[in-house]
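1. Mind folding the following:
(2 chains)
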Amino acid sequence: MKARIAIFLVLGVAVILLPLIAPPVMNNMILRVGSLVMLAISWNLAANAGLISLGHSAFWGLGSYAALLVANKLGWPFFASLIPAMIVGAISAAAIAVITGRLKGIFFAISMLALSECLRVIAVMTPGFTGGGAGVFIDQALRPSTQTVAMVTAFCAVACGFIAYWISLTPFHYACRAMRNNESAAEMLGINPLRFRIAVLSLSGAMASLAGGVNIWYSGFLDPMIGFDLHVTILAQIAPILGGIHTLAGPIIGAFATIGLSEATRILLGEQGVSLLVYGLILVFSILYMPKGIVGTWNTWVQYRSRGAASAKVGTTKAAPL
Amino acid sequence: MSLFWQCLVDSLLLGGLYSLMSIGLSLGFGVTRIINFAHGEMIMFGAYGAYFGSVLLGVDPLLSLPLVAILVAVTAAVVFKALIEKVLDAPHINQILLLFGISLALQNVAAILWTGDARSVSTPYSLTAFEFETLLVPHGRVIAFATAVVLIVALFCWLRFSELGRATRAVAENGQAATLMGINVSRMYMLSFGINAALGAATGAISAFLLTITPFMGFHMLIKAFAIVVLGGLGSVTGTILGAFALAFAETWVSYYVPEGNGWAEGVAFVVLLCVLIIRPKGILGQAVAVH
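-> Below is the predicted model:
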């Protein structure tokens, strides 16, 4: 166990230091993968508790706007601005958790979709505050080097990974799983669904907002269409689905796979419409033929092989652990 | 005072379009218990169908409407059989994500085929209007309203009096009992999904001469349709119509009476949706829908 944690720690530090040695062009890639890892872990956390978000761009956009506004209006620097970004994400997520109450599944998905669109309309309609539809640049004097932003992204992504790992060791994880499978039964066993829902969504919202907050410092420009882009929502769900929903490694593997696929389609086919079409097809394909994602399919395959070997030796089969 | 009447007339006419837009979604959900996230894309395909009918063949959108609706319905039924039927018993998450994926794919197929350019159909009646003193009633909107009313009445008659319509209602009420009565439930699912698509395409065809057509128009209409269906109560077709008029009134009122109302009107649907979810999640006329 300790050895495993040590390996993770070393890997984590290596990832964080990567921008120092990698060529500058890689910064963009590190930023994209890192942000998507955060988004995917965040989405998967909510999904673990049975909450399917179709509006992660809401948190992303809130984080971006929070970071941008404290920088432009109050002159907060890069690192400090990430804290309000996270807080705004966590608070709005907690509010959504309370508002949607016991509603799950479809209702939750739809209200997240609506929330994201609602925020976009508000951002367009309040130009005095947000810069409106014309968009706004972040204070150039405050902007750190892209290398710093890439390092921070890598750090945040690794931190999110550790949080997800840590949660998977606590009873919290099992409470979430119980809620996902049967909320009434979980309630009868003494789990207060609302409290867990608020906790899990706040954490998820904070992670997604953090990703948005970091990204605005990299891109430097924000308008409502970028902040509350449906694209973010789509990416946030594709990565965990492709990698393996409800697993620890799934969102991370999925994030790499998704960025890889999007780069491949961009190089091979060009237009952006094509990559979105590919995302749609991946979603359809994964749900129908690979609902457990890359990780789940790999596990099944490994089990199948080891079971084949074991049954040849002992002639028994063991039940597949979840 | 004239502003008041103008507002009232406008919201009534818009309510007709909204009813047609969301009734298919409501019916489809009532029967299959699946929220059709690709409903907006059916509207979009309907609109493109009418557009190409008008531009390439010179056919009026109202004349191409039946053909476009049938084409979209058949395609939707095939998609249902090939993809959606497989997740009917799967967890909600699979259903939602599958439909979302289909919607995304269709949107971008359209964007690749027909580019993202905004288009619109001009008909002899799109720019003319009845004028009563200060009151202005555009012909296009009246025609759209009349078409919507005809189609909705036809739908109600079909549901009420035809054998298949009765079977559809039976399946919506209790799928298992319907199976025991000898109704082929999986065929009814496909049929109602097809009708859902046909109504969506019909909405698209009449909005072709009212709105701008883009590959991404469906998404906004989908969210409005969601708001309407949730407001009226999931699964209640009558509730949906009430919800449609309520949303139309709210939007028109906001755009007439609130400063910069046109922009804010876009957000009314989301506010309505969130409010309904807080105050009365089963909507105006909703039955208690089990949500797992």
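2. quick one: the helices in the stretch 51-200 of chain A?
-> Under the criterion DSSP state H, counting those that start in this stretch, helices of the stretch 51-200 of chain A are mapped to A:56-74, A:78-100, A:105-125, A:127-130, A:146-169, A:171-181, A:183-188, A:193-219.
3. quick check, B:Leu136 in a strand?
-> Yes: under DSSP: H, G, I helix; E, B strand; the rest coil, B:Leu136 sits within a strand.
4. contacting residues for the residue lying closest to B:Met181 once chain neighbours are set aside?
-> Of all residues not flanking B:Met181 in the chain, B:Ala170 sits nearest, at 6.8 Å (CB to CB, 6 or more residues apart in numbering or on different chains). C-betas here are computed from N, CA, C, even on glycine. B:Ala170 sits next to B:Ala177, B:Ala178, B:Met181, B:Ile183 when contact means CB atoms under 8 Å, 6 or more residues apart in numbering or on different chains.
5. quick one: secondary structure of A:Leu31?
-> Classified using three-state DSSP, A:Leu31 is helix.
6. So, low pLDDT: which residues of chain B?
-> B:1, B:285-292 (pLDDT under 70).
7. List the buried residues for the longest helix along it?
-> Assignment by DSSP state H gives helix B:2-32 as the longest helix of chain B. Within helix B:2-32, the residues that count as buried by 16 or more other CB atoms under 10 Å in any protein chain shown are B:6-7, B:9-11, B:13-32.
8. Likewise for stretch A:137-151?
-> Result for stretch A:137-151 [16+ other CB under 10 Å]: buried residues A:Ile138, A:Arg143, A:Thr146, A:Thr148, A:Val149, A:Ala150, A:Met151.
9. Mind listing residues that contact it?
-> A:16-17, A:19-20, A:24, A:26-28, A:30-31, A:34, A:68, A:71-72, A:75-78, A:214, A:216-218, A:220-222.
10. Of those residues, which count as buried by neighbour count?
-> Neighbour counting with 16+ other CB under 10 Å marks A:16, A:19, A:27, A:30-31, A:34, A:68, A:71-72, A:76, A:78, A:214, A:216-218, A:222 as buried within these.
11. Among those, which pair sits farthest apart?
-> A:Ile16 and A:Asn72 (28.0 Å; CB to CB).
12. Now the closest residue to B:Val31 other than its chain neighbours: phi and psi?
-> Leaving out its chain neighbours, the residue that sits closest to B:Val31 by CB to CB, 6+ apart is B:Ser192, at 4.0 Å. Main-chain dihedrals, B:Ser192, degrees, to the nearest 10: phi -70, psi -30.
13. Most widely separated two among the buried residues of stretch A:137-151?
-> Pairwise over these, using CB to CB, the maximum falls at A:Ile138 and A:Met151, 18.4 Å.
14. Stretch A:3-18 - what's its average pLDDT?
-> For stretch A:3-18, the mean per-residue pLDDT is 79.
15. A:Tyr165: what's it in contact with?
-> A:Tyr165 sits in contact with A:Phe8, A:Leu248, where contact means CB under 8 Å, 6+ apart.
16. wait, A:Ala185
-> A:Ala178.
17. Might one say that B:Ser19 is in contact with B:Ile241?
-> Yes: judged on CB atoms under 8 Å, B:Ser19 makes contact with B:Ile241 at a distance of 4.8 Å.
18. Leaving out the residues flanking it, which one is nearest to residue 200?
-> Let's take chain A. Here the residue nearest A:Val200, using CB to CB, 6+ apart, is A:Ala49, at 4.6 Å.
19. The chain in question should be chain B.
-> Closest to B:Gly200 by CB to CB, 6+ apart is B:Met42, at 3.3 Å.
20. So the one you found versus chain A, what's the distance?
-> B:Met42 is 15 Å from chain A, where distance means CB to the nearest CB, to the nearest Å.
21. And for B:Ser162?
-> 29 Å.
22. Tell me who's in contact with the spatially most central residue of chain A.
-> Central residue check for chain A by CA atoms, centre = their mean: the C-alpha nearest the mean position is that of A:Leu39, 1.6 Å away. Contacts here follow CB under 8 Å, 6+ apart; on that basis A:Leu39 touches A:His56, A:Trp60, A:Met207, A:Ala208, A:Ala211, A:Val232, A:Leu235, A:Ala236, A:Ala239, A:Ala255.
23. which one of those residues has the most neighbours?
-> A:Ala208 (37 neighbours; other CB atoms under 10 Å in any protein chain shown).
24. That one: what's it in contact with?
-> Applying CB under 8 Å, 6+ apart, the residues near A:Ala208 are A:Met38, A:Leu39, A:Ser42, A:Trp43, A:His56, A:Phe59, A:Trp60, A:Gly63, A:Gly89, A:Ala236.
25. try B:Leu151
-> B:Leu151 touches B:Leu20, B:Leu199, B:Ala202, counting by CB under 8 Å, 6+ apart.
26. again with A:Val232
-> A:Leu39, A:His56, A:Ser57, A:Trp60, A:Gly61, A:Gly212.
27. just B:Ala198 next, same as before
-> By CB under 8 Å, 6+ apart, the residues touching B:Ala198 are B:Gly24, B:Ala69, B:Ile70, B:Val72, B:Ala73, B:Ala76.
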